[in-house]
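heads up, no residue letters with this:
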């Protein structure tokens, strides 16, 4: 995958920061690739980048506009099309992680051809997968799972991969969603795979490897989310993780996009162990990644301590306080370094 | 969906009867639509229909050749293409439930155009689905689930729908696979839906309806099958069944296509209740459908009695011994008739 840089991050007119998680993800993990943001009237998401119009962006040297926001279902609202066409007209390529190809929208296809620009569809892959086979593969795997969507599974996986690498443990980040794929510039968009092949695609994503290598796999959805649990289960089975980390955002009461209550951390641990055993009988929980973005530092620290003691597991906010407690635990559990 | 009848059932050169389950399903449930079979050298599957070549079939009035066999992954072997082209050349339409469109194979597309014949792709739908929302819908739903693939979930659902209708209980069969769709001439091919939309597609399949109407939904895969559990879970969540029937084939030791041991009936009951509760807290097991095809009648009867007593649930082989025990139980449990 080769997307021309730097990027202008399109925020649309989404109603909260979580809906712009692609923009935030790319900016947080690849700040050197991002020059500016562009938003539509009424937008409730913001980054720390300067707002630019398309002419300014082109003048500043931006090469690609990245659609940095997403709706459930990955649908492109009609009123975003004009900005995409204008970006192409201003000489930018466009990258998006939608469930339809940008080129399937006639106005966008026409403009891309007319101005000879590239369209990147991050949620599509040219790969085909076999059905999963459930056989044990060599190497070690860590999967981040969640009590909900958008709770920090990707950030935790990226941070854990970084933490392992810093201790000279061989580790790769395996991206499964459009933002992760933008950051890693490879991966499998697991929620857009034909459902017969979910676990097969996950098996492809983290193939057999050296015994001391860790693939850190970005989780998707939640086993207890009524919209996406099928994806989460196929990914769990195909990933056959040796260890998983539960990601949790403590201020939510219902799951994102539905009225289902947030499950407890313990429920997610129990379900993940019970269901994950099918393809890895030794699966175990290796820690808790608590997303404390909405809490004061003191509150965050006391909550993390409380949850760690309650579950007898290392707990941290990987972004705010680092991954050391979880990495220490993994090193001890799996006798690393 | 309108496929011209009668049919010639293509059996390919598959290695066992289970691989020809589409042919058997259509013949068993819609015998009046089926005139003959055609097989390739080495084929291990058979039906009770006369073997015909394509010229004979055309002469007998066959209008469509139905690909009646399937591989894991829904791939079309190259050496089947010549027969499909020849069928088109002989004036037949062709219907198949593959993961690729027949028309995406150049030789088939060319022949269909040249001879002006129709290609039916049962595993594709023009429908688009929202993501599932998990909200409770009016009406009643029964889902067949399995300890494995190819254990009788479709046959049981068809038989249970028939059994309910015979007692003047309003009931529809909701097809979720290519064979069911061929039989019902409608449905959603759930395993070929983009994985983000599995539960949304299942919600679409059995929409809100009258309080006393039953949708009998064809299950897919198994919650404990490492290749397909994601599909099974998304279908369970989207179906939000009030009742489920466990389908089981007692002579198998490992699950189809993989080396994973067959789970017990109790494991499937427990998992289905635990996971199904997310979208229907009142979910309950309504019976056991034991596929006794491989057993003598005496052995079949004693095993059914034993399993019914063990699980304290009505048990039967719906195809061999009818559905009365399960229908009686449902009528009592849900205070019907």
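Happy to help now that I have it. Just so it is clear, the model here is predicted, and its values are computed rather than measured. Numbers count the residues shown, from 1 in each chain, chains lettered A, B, ... in the order given.

how about the strands in chain A?
For chain A, the strands defined by DSSP state E cover A:7-12, A:34-39, A:64-67, A:93-96, A:119-121, A:140-146, A:171-174, A:214-217, A:243-248, A:284-290, A:315-316.

the residue of the stretch 51-200 of chain A found nearest chain B - nearest residue in space that isn't next to it in sequence?
Residue nearest to chain B within the stretch 51-200 of chain A: residue A:134 (2.9 Å; Cβ to the nearest Cβ). The way it works is simple: take the backbone N, C-alpha and C, and place the C-beta from them, glycine included. Counting by Cβ to Cβ, 6 or more residues apart in numbering or on different chains, residue B:226 is the residue found nearest to residue A:134 once chain neighbours are left out, at 2.9 Å.

residues in contact with that neighbour?
For residue B:226, the contacting residues are A:132-134, A:199, A:237-238, A:278-279, B:255, B:258, B:260, by Cβ atoms under 8 Å, 6 or more residues apart in numbering or on different chains.

present the residues you listed as JSON lines; the columns should include neighbour count and pLDDT.
Converted to JSON lines, those look like this (neighbours: other Cβ atoms under 10 Å in any protein chain shown; pLDDT from 0 to 100):
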{"residue": "A:132", "neighbour count": "29", "pLDDT": "95"}
{"residue": "A:133", "neighbour count": "18", "pLDDT": "95"}
{"residue": "A:134", "neighbour count": "22", "pLDDT": "96"}
{"residue": "A:199", "neighbour count": "33", "pLDDT": "97"}
{"residue": "A:237", "neighbour count": "28", "pLDDT": "98"}
{"residue": "A:238", "neighbour count": "32", "pLDDT": "98"}
{"residue": "A:278", "neighbour count": "22", "pLDDT": "97"}
{"residue": "A:279", "neighbour count": "26", "pLDDT": "97"}
{"residue": "B:255", "neighbour count": "26", "pLDDT": "92"}
{"residue": "B:258", "neighbour count": "20", "pLDDT": "93"}
{"residue": "B:260", "neighbour count": "20", "pLDDT": "93"}
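
tabulate these (a markdown table), appending distance to residue B:96.
Formatted as a markdown table, the contacts of residue B:226 follow (distance: Cβ to Cβ, whole Å):
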| residue | distance to residue B:96 |
| --- | --- |
| A:132 | 23 |
| A:133 | 24 |
| A:134 | 27 |
| A:199 | 24 |
| A:237 | 28 |
| A:238 | 27 |
| A:278 | 31 |
| A:279 | 31 |
| B:255 | 25 |
| B:258 | 25 |
| B:260 | 28 |
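
among the residues you listed, which pair sits farthest apart?
Checking the contacts of residue B:226 against each other with Cβ to Cβ, the farthest-apart pair comes out as A:238 and B:255, at 15.4 Å.

quick check: phi and psi on the nearest residue in space to residue A:143 that is not next to it in sequence?
Nearest residue to residue A:143 in three dimensions, chain neighbours excluded: residue A:241, at 3.9 Å (Cβ to Cβ, 6+ apart). When read as degrees, to the nearest 10, the backbone of residue A:241 gives phi -70, psi 140.

how near is residue A:241 to chain B?
Applying Cβ to the nearest Cβ, to the nearest Å, the value for residue A:241 to chain B is 13 Å.

same question, residue A:290
Taking Cβ to the nearest Cβ, one finds residue A:290 at 23 Å from chain B.

ok, that residue - contacts?
So residue A:290 contacts A:248-250, A:300, A:303-304, A:307, A:315-317 (Cβ under 8 Å, 6+ apart).

residue A:115 reaches residue A:86, doesn't it?
No: in this structure, residue A:115 is not within contact of residue A:86 by Cβ atoms under 8 Å, at 10.4 Å.

list the contacts of stretch A:249-268.
Contacts for stretch A:249-268 (Cβ under 8 Å, 6+ apart): A:18, A:72, A:145-152, A:222-227, A:246, A:248, A:288, A:290-295, A:303, A:307, A:311, B:131, B:133-135, B:278.

buried ones among these?
Burial by neighbour count, judged by 16 or more other Cβ atoms under 10 Å in any protein chain shown, picks out A:18, A:72, A:145-152, A:222-227, A:246, A:248, A:288, A:290-292, A:295, A:303, A:307, A:311, B:131, B:133-134, B:278 from the contacts of stretch A:249-268.

can you list the domain ranges for chain A.
Per automatic domain parsing, the structural domains of chain A span A:7-121, A:140-333.

okay, now the closest residue to residue A:187 other than its chain neighbours: neighbour count?
Using Cβ to Cβ, 6+ apart and skipping the chain neighbours, the partner closest in space to residue A:187 is residue A:175 (2.9 Å). Using other Cβ atoms under 10 Å in any protein chain shown, the number of residues around residue A:175 comes to 25.

next one: residue A:247
28.

again with the one 4 residues further on
The burial count assigned to residue A:251 is 10, neighbours taken as other Cβ under 10 Å.

for the residue nearest the centre of chain A, what are its contacts?
The centroid of chain A falls nearest to residue A:154 when counting by Cα atoms, centre = their mean (3.9 Å). Residue A:154 makes contact with A:25, A:144, A:175, A:177, A:179-180, A:183, A:218, according to Cβ under 8 Å, 6+ apart.

in TSV, list these along with pLDDT.
Output for the contacts of residue A:154, formatted as TSV (pLDDT from 0 to 100):
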residue	pLDDT
A:25	95
A:144	98
A:175	98
A:177	94
A:179	94
A:180	96
A:183	96
A:218	98
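
ok, of those residues, which come out buried?
A:25, A:144, A:175, A:177, A:179-180, A:183, A:218.

with these in mind, which one is nearest to residue B:272?
residue A:144 (26.6 Å).

enumerate the residues of the stretch 51-200 of chain A near chain B.
When proximity is defined by Cβ under 8 Å from any Cβ of the partner chain, the stretch 51-200 of chain A lies next to chain B at A:72-74, A:99, A:130-135, A:190-200.
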